[in-house]
Every structure is written in C-alpha cells, then in structure tokens.
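I would like the atomic coordinates for the input below:
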Amino acid sequence: MMEDRVILGENCIYSADPAQTGLNNNVLVCGSSGCGKTMSVTEPRLLETRQTSIIATVTKRRIVNKYKELFLRRGYEVQDLDFVNPDRGNIGYDPLQHIRDSKDITFLAESIVKSNPRKDNSTADPYWDDAAVSLLSAEIAYTLMTNRTATFADVLEMHDRMDFNERGSQIETSHDDKFRKMEQRNPSCFAVACWKSFRLLPIKTASCVYGTLNVTIDNIFSPELRKMMAMKNKVNFEDLASKKTALFITTSPVNPSLNCFINLFYGHVFKQLFEFAENRPDGTLPIPVHVLCDDFATGGRILNFAEYISIFREKKISVTMLVQSESQLESMYGPNEATTIINNCDTYLYMGGMDICTAKNISLRLNAPLDEVLYMPIGQEVLFRRGQKPVVTGRYNVREHRTYRRITAEYEGKVKEAVR
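Sure thing, here's the model as predicted:
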C-alpha cells in the first residue's frame, strides 16, 4: 500500500505520516500571484494523496474534472461542491444542517456577522456585532424550532420578511407575534432570549444593527448559494473522516463575496471535525483529513482558526494554506493570530514575491542578505522544515510526474472529443 507523500520542490519529497517525520502536516505556502503555487504545490498534493481524505478549494473547474476520476480509481468517494454553479456539483452545503445546540447557533451567527475581515482591525464598539449576532441567532433558533425540514434559506427568508417601526421607546417588528407565542409555550427558550436582546434596543440602534446585518447577508448569500442550500444531497463532515473522501470546492477568482461563504464553510469543517474527533474514544479521526486552502487569506476570516490549528495534529487534521504574503495573512487575522498560524506550520515554503515585510522575515529565517531574497530568481524557492536547515531549490515540475502525464492526456482527450 503506497503512502501519502508531500512534494514541495525539486528533490524535496517527504512522507505525509507525522509518526515518521516527527512534524505536523500543516504547510504554509507563500508566493506572489502567478508564481506557480497551483501546479507546484496543489496538484502534486492531489497526485500523492492515496490514504487521506482531502478537501481542496479550486478556482479552475479543470482541476475537478481532471482529478475526480483519479480519486475514484483509488477507492475514494468524490464530492463536488460548486459554489459558482451549484448544478455542476453533486452535493450542497447548508450551515443549518450542522447545528446541534445553542452554542452551534451562536457560532454560526458569529461566523456570518464577523465574516468581514475589516471588523477584526476595527476600533468600533463590539456591541454592534453582538447585537447583530443576537438578532440572527433568534431567527436561526426560531426557524429550527418551527420547521423540522428547514434550510438556511428559510432563515434568510424570515429575515427578508422582517420590518419594524418605533413604538414609544421601543421597536415593534413584524415577527413579534411569532416570538410572543413561542414565549408563552417556553419562556426560557434560546430563541426568545435572543429576540428580547434585539427588541429592547432603541429604534436608531436597532435600525443600524438591522441594516448592517442586511448588508452582510446580501454580500454573502447570493441566489446561487440559496439554491445550493436546497439541494437534496449535502456534505457530511463526519463522512469525510470515516471513509476516504475527496471533496472539491469550486469558487470564483472574480467574485470575492464567495470567499466569505467559503470561509464560513471552513469554520464549520474545522469545528465539526474537531468535535467528531473529541467524542471518539482515542480522541482522533478514523481517517486523517487534509485541507488544501487556495488563496487562504483573500476571503473572510475563519472563526477560531488560530486556536484550532494549534491542536490539529493530535486530531489527525492538517492544512495547506496558500497565501501571497505574510502581510496578507496579518491583515486578515491581525499580528498575534497570524504569528500563531505561522508558528503552527512545521513546513513553510517561500516561492518569492514583492512584499518587503515577508522578504525581511525570510531573510532572517534564512540568515541571508535581504537583497538575495528580494531578487530571488523566478522558479527558485526556499523550504523551511522544523528541525532542519533551510533548502534553496527549484519549483517542482509536475509535468515530469508519471501520473500527471497520464491523467492530463486522458483529460485533454476527453476535452477534444467533447469539442468535436
């Protein structure tokens, strides 16, 4: 049985088994746009995955069409989650499906409200976000309690129908009667408690909270995503860790609003996988799960990611993050959490770029003059592995990989046949 391997450069091929290497499998890949991260890192990782479940974000449908047959031949279940055009995929994602208790409701509401990365570096009073979380939590909880077959599209529909006006010192909303009836049946329920938190706001404050939440929802939940939530077959995160699964996630390089939803999705992935492992007798996943995050720092912030990555290894979870610079990562997560994320990657691949701050850090790690890093030839890279000296090498040429040549020929043949 062939083991999984990690290919990171010329003559830089390693086992993906932490028991052999003594390292975690978290990899940070840093390189400017167009430096070859997809062909040099993403595709080799797909080619060398044979025993581990894998979740891969791609912006090119050719990657999905090219590699899904390979994984099927290797005994994988292949799931295709297409956020751009849901009809092309075979599975959907509904965040409401993964809620078990009030803590999950709050987590989901926070993930949505705080999806805008600028909020983490904002000096605004967190009270506004907290109030928006209460409102959205109330809508989620009410929907779940009154509709056993509800999807998150039902929550959005409830929010869309809401309107309110001033009544004395308080507000009056179109949903008040619903929550009053619920309160009569269960005065201490979570939905009622969250609703009261919003209802007690002054009219101007409530208007601001409601308006801000509207903008966030409109930016994230496109008509296509609402349609995807209603698909019959939906992703099950526990299945990813119970049987060999390849989950491809297609996003758009020109529609940044999708990135917020994808990072909401990743927040759910990491939380659910962690809790699934935590509830098992040995505290680990039955099958290791590796996540390939392309353009990791271009979308919304993944809630609690800095905390999760520090305990990935013991749960048999790992991640490869492709970013353009350390500065990009810092702007998304802030300096402290960005440092935590970097420090929890036992492998760091630098593929060049124009960011001065990143170059200075690489210069320090490499113990080399700054100009050598800034003017590093195109195609050259620097690989850092914890406990080992840095390796200056060339990008891996995936075209020399035997399996790559075979599946590329098969794929190109199918494309030519379809054009005829």
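
next, give phi and psi for the residue lying closest to Ser174 once chain neighbours are set aside.
Nearest residue to Ser174, sequence neighbours excluded (C-beta to C-beta, 6 or more residues apart in numbering): Asp163, at 5.2 Å. The C-beta positions use only the backbone N, C-alpha and C, and glycine is treated the same way. The phi/psi pair for Asp163 (degrees, to the nearest 10) reads phi -150, psi 160.

repeat that for Arg280.
The phi/psi pair for Arg280 (degrees, to the nearest 10) is phi -90, psi 150.

what of Thr57?
According to degrees, to the nearest 10, Thr57 has phi -90, psi 130.

so how many other residues sit close to it?
25 (other C-beta atoms under 10 Å).

ok, now which ones touch it?
Neighbouring residues of Thr57 by C-beta atoms under 8 Å, 6 or more residues apart in numbering: Ile249, Thr251, Ile262, Leu292, Cys293, Asp294, Asp295.

wait, the third one sits on Thr250?
Translated: Ile262. No: with contact defined as C-beta atoms under 8 Å, Ile262 does not count as touching Thr250 (9.8 Å).

and the gap between the nearest residue to Arg386 once chain neighbours are set aside and Leu383?
Leaving aside its sequence neighbours, Arg386 sits nearest to Asp346 (C-beta to C-beta, 6+ apart; 4.3 Å). Distance of Asp346 to Leu383, computed by C-beta to C-beta, to the nearest Å: 12 Å.

over to Tyr14?
On the measure of C-beta to C-beta, Tyr14 and Leu383 end up 10 Å apart.

now the common contact residues for these two.
Joint contacts of Tyr14 and Leu383 (C-beta under 8 Å, 6+ apart) are Leu8.

which of these two has more neighbours?
Leu383 (20 against 17).

for the closest residue to that one other than its chain neighbours, phi and psi?
Distances taken as C-beta to C-beta, 6+ apart put Val391 closest to Leu383, at 4.4 Å, once the chain neighbours are dropped. Here is the backbone geometry of Val391 (degrees, to the nearest 10): phi -120, psi 120.

which per-residue confidence value corresponds to Val391?
Looking at Val391, its pLDDT stands at 97.

can you count the residues close to it?
The burial count for Val391: 16, using other C-beta under 10 Å.

now do the contacts for it.
Contacts of Val391 by C-beta under 8 Å, 6+ apart are Gly9, Cys12, Val382, Leu383, Arg385.

dump those residues into CSV; add distance to Met228 as well.
Listed next are the contacts of Val391 as CSV, based on distance: C-beta to C-beta, whole Å:
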residue, distance to Met228
Gly9, 37
Cys12, 38
Val382, 40
Leu383, 38
Arg385, 39
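
looking at the residues you listed, which are in strands?
Gly9, Cys12, Val382, Leu383, Arg385 (DSSP state E).

grab the nearest non-local neighbour of the third one.
Using C-beta to C-beta, 6+ apart and skipping the chain neighbours, the partner closest in space to Val382 is Tyr350 (4.6 Å).

just the last one next, same as before
Residue nearest to Arg385 in three dimensions, not counting chain neighbours: Thr347, with 5.5 Å by C-beta to C-beta, 6+ apart.

hmm, the one you found is touching Leu8, no?
Yes: in this structure Thr347 lies within contact range of Leu8 using C-beta under 8 Å: 7.0 Å.

give me the mean pLDDT for the helix ranked longest in the chain.
The longest helix of the chain (DSSP state H) is helix 257-278. For helix 257-278, mean pLDDT rounds to 86.

next secondary structure after it?
strand 289-293 (DSSP states H and E).

moving C-terminal from that next one, which element do we reach first?
Once the chain leaves strand 289-293, the next helix or strand it forms, by DSSP H and E, is helix 305-309.

which elements pack onto that next one?
helix 257-278, helix 326-343 (3 or more C-beta pairs under 8 Å, 6 or more residues apart in numbering; DSSP states H and E).

could you check the angle the longest helix of the chain makes with helix 326-343?
0 degrees (axes from the mean of the first three to the mean of the last three C-alpha atoms, to 10 degrees).

in helix 257-278, what's buried?
Neighbour counts over helix 257-278 (16 or more other C-beta atoms under 10 Å) mark 257-274, 276-277 as buried.

show me what contacts the residue sitting nearest the centre point of the chain?
What sits nearest the mean C-alpha location of the chain, by C-alpha atoms, centre = their mean, is Tyr266, with 2.9 Å. Shown in contact with Tyr266 (C-beta under 8 Å, 6+ apart): Val291, Cys293, Ile302, Phe305.
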